[in-house]
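S.K.: Build me a model from this:
(4 chains)
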Amino acid sequence: MSSKSNTSDRDEHGPHAKRPRKGGLSYANQGLKTDVDFLSRGDSDRPIAVILTPLRERQQQILSRNLKAAGAKILQFDERKSEDEQPATEGLVVVTDNPKKARRVVENREETMKNVVFVETKWATRVLAEQRWVPIQPYVLEQTKATQHESSTVPESDEINLDTALEASSKSRKNADTLPVWCRKKTCENSDIAEKREFLEGLPRFLCERCTITQAIYEAPNNELCKLLEIIEKKRRLEQAGGSEAEADIRARAYRRASAALKCVPFKLQTVQDAQALHSLGPRVLSIVQEYLMNGTVREVQLMETDHRLRILTQFQSVYGLGYVSARRYYDELRITSMDQLVEKSSRDESSEANVLVRYLGYIDKLAHLRWKDAVAVVDMVSQAANVTGEDDLHLRFQLCGGFRRGESSGHDVDILYCRQEKYAHDCSSVMKELISRLERTGLIVKVLRESSDTNGWNEVRYHARSSRAIFRYAHDVVHAIAKYKGCFFRLDLVGVRDAFEFCFTTISWSGSTPFQRDLRWWCEKKKGWTFNEHGVFDRESGQRVKLNPEPKSEMDVFAALGLTYRAPFERSC
DNA sequence: CGGCGTACG
DNA sequence: CGTA
DNA sequence: GCCG
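M.R.: As a prediction, the model looks like this:
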């Protein structure tokens, strides 16, 4: 079962893990030593209680699910105290960004008020990033008198911190689950520089081996620089400076890799030397980093904002069905130099080779970004359309994927996967056409842009020229559409998985992020000699499907079978 | 100097 | 050449 | 553009 691998995975890094002893104290205990007293008993089987308030719904959901998995007891702030729920803890950690409001909420629980600490949300995200209880000291916003007094009896010791840091950073070389203590320090002493360097150099090479937490949950310190690098990525592709399209693309992608590498760095970069220690940052990117560190701006990026051609090309490229090659051709050869012109010419010109483009352009000015909450609501609507009788009529189960699954706060498209429920998994026929027509009737789907629901059944695929035998499998049903919800238009992707056992692979593939997927597939190729795709894992030589043992039923099973540390969706936002 | 994800319309 |  |  998936839950088994879940607990074993969590136990390994969890708060109560048996760590190598050092000075008679477990690692976990050392980390907690500097905390207020009740937390120092953290390695007993008594969980700490955490209240999350007031936080955004999505954030609360993700944090509570994962803190719970780490052994915390989660108390809902609106939850009326019931008799059977005696507090199993002596203290209370309140995770909040608004201590005043939180205080009012907590004041109703008078009996716990003796030991209450209010901490920043950042603490909770650190716990998730490091997979252990980190000291709460740097994150304390406010605490009650009783705990304040107790904490002063346990003075903070730098020695302990240093030990912890060394042990943590030596572990981080193998895998980036644990971050050194200095990540949490506000100021950075000289002695920390070497440790930082070591940490940066110790990060695993492949993005799928790292933990990169979604921006919406954890505000990465180098976010600004990452965004600039991604703008340059776009610029390189639009310019196609020297060489072929493919070469421009690969050079552009290097900037994306650099950005992705930066995203999991938990402290703000101070020097180019820090940056140099990272994978994927070579001379070209470093010169950009230097410019940014010195001026706070990058000239090339400003060009993207001021240059008319680049601005228009960027707009064109945002149109579905219009890539950078066509964008350039429209501007340079056909002299279409504004969005209005493009819309006008395309709607008049019936001979347009890009049929999709014409269909899409009618909605171009209406398309809006969706919030996370709305994306979840859309999944609900789709799922209801698949069950009109109230008795499960199409027997489907749905899974939100894409950026929203990773916890991103907004996005321009919603990706939804579905497949038949277990009992009906033997039936591999397509229900996509039925589903689409239902969604068109309810008014959710406004326009189908592209559809590939293959009703013939098997698709023959020859994975490798060397393979004499062809591989047979069902093609997925994929539909790209424009949908409408609450008066907003947005892109909706539906994916039907016909072979239920492929569902976990498809879920991984459609949950992104793009750089994460690339590195996952690259890693599989390099380390295992396997080709990873949304259907499963295949041997490079024979082309045959690799029989994993036991057969993966969930994403977690897949990571385990590959020998990778599990990354939750919100940890894949590179 | 070769490789960089993989599959689909 | 476009999409994910 | 960067890495092995």
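S.K.: Just the helices from the stretch 201-350 of chain A, written as ranges.
M.R.: Using DSSP state H, counting those that start in this stretch, the helices of the stretch 201-350 of chain A run over A:223-239, A:245-263, A:272-276, A:283-295, A:299-306, A:308-317, A:324-332, A:339-348.
S.K.: Of those, which is nearest DNA strand B?
M.R.: Among the helices of the stretch 201-350 of chain A, the nearest to DNA strand B by C-beta to the nearest atom of the strand is helix A:245-263 (4.7 Å). (Each C-beta comes from the backbone N, C-alpha and C, glycine too.)
S.K.: same for the closest one, what does it pack against?
M.R.: When contacts are defined as 3 or more C-beta pairs under 8 Å, 6 or more residues apart in numbering; DSSP states H and E, helix A:245-263 packs onto helix A:223-239, helix A:283-295, helix A:514-523.
S.K.: could you dump the ones you listed to CSV with distance to residue A:266 and mean neighbour count?
M.R.: Shown next, in CSV, are the helices and strands packed on helix A:245-263 (distance: least, C-beta to C-beta, whole Å; neighbours: other C-beta atoms under 10 Å):
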stretch, distance to residue A:266, mean neighbour count
helix A:223-239, 12, 19
helix A:283-295, 17, 15
helix A:514-523, 18, 20
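S.K.: I'd like those laid out as TSV, including mean pLDDT and distance to residue A:396.
M.R.: Formatted as TSV, the helices and strands packed on helix A:245-263 follow (pLDDT from 0 to 100; distance: least, C-beta to C-beta, whole Å):
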stretch	mean pLDDT	distance to residue A:396
helix A:223-239	97	36
helix A:283-295	98	45
helix A:514-523	98	24
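S.K.: what stretches of the stretch 301-450 of chain A score poorly on pLDDT?
M.R.: The model of the stretch 301-450 of chain A has pLDDT under 70 over residues A:349-354.
S.K.: what residues does it put near DNA strand C?
M.R.: Taking C-beta under 7 Å from any atom of the strand as the contact definition, the stretch 301-450 of chain A meets DNA strand C at A:319-327, A:402, A:413, A:415.
S.K.: can you tell me which of the residues you listed lies nearest to DNA strand C?
M.R.: residue A:323 (2.3 Å).
S.K.: list the contacts for the closest one?
M.R.: Residues in contact with residue A:323 (C-beta atoms under 8 Å, 6 or more residues apart in numbering) are residue A:317.
S.K.: hang on, the earlier thing: for DNA strand D, state which of the residues of the stretch 301-450 of chain A next to DNA strand C is nearest.
M.R.: residue A:324 (15.5 Å).
S.K.: you'd agree that closest one is up against residue A:315?
M.R.: No: in this structure, residue A:324 is not within contact of residue A:315 by C-beta atoms under 8 Å, at 11.9 Å.
S.K.: Between these two, which is the more surrounded one?
M.R.: For residue A:324 versus residue A:315, neighbours defined as other C-beta atoms under 10 Å are more numerous around residue A:324 (20 against 15).
S.K.: how about the more buried one, what does it touch?
M.R.: Contacts of residue A:324 by C-beta under 8 Å, 6+ apart are A:237-238, A:240, A:313, A:317.
S.K.: mind running it again at 7 Å?
M.R.: A:237-238, A:317 (C-beta atoms under 7 Å, 6 or more residues apart in numbering).
S.K.: Columns distance to residue A:271 on top of those, output as TSV?
M.R.: Listed next are those as TSV, based on distance: C-beta to C-beta, whole Å:
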residue	distance to residue A:271
A:237	30
A:238	31
A:317	35
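S.K.: Distance to DNA strand B for these - can I get that in JSON lines?
M.R.: Listed next are the contacts of residue A:324 as JSON lines, based on distance: C-beta to the nearest atom of the strand, whole Å:
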{"residue": "A:237", "distance to DNA strand B": "13"}
{"residue": "A:238", "distance to DNA strand B": "18"}
{"residue": "A:317", "distance to DNA strand B": "15"}
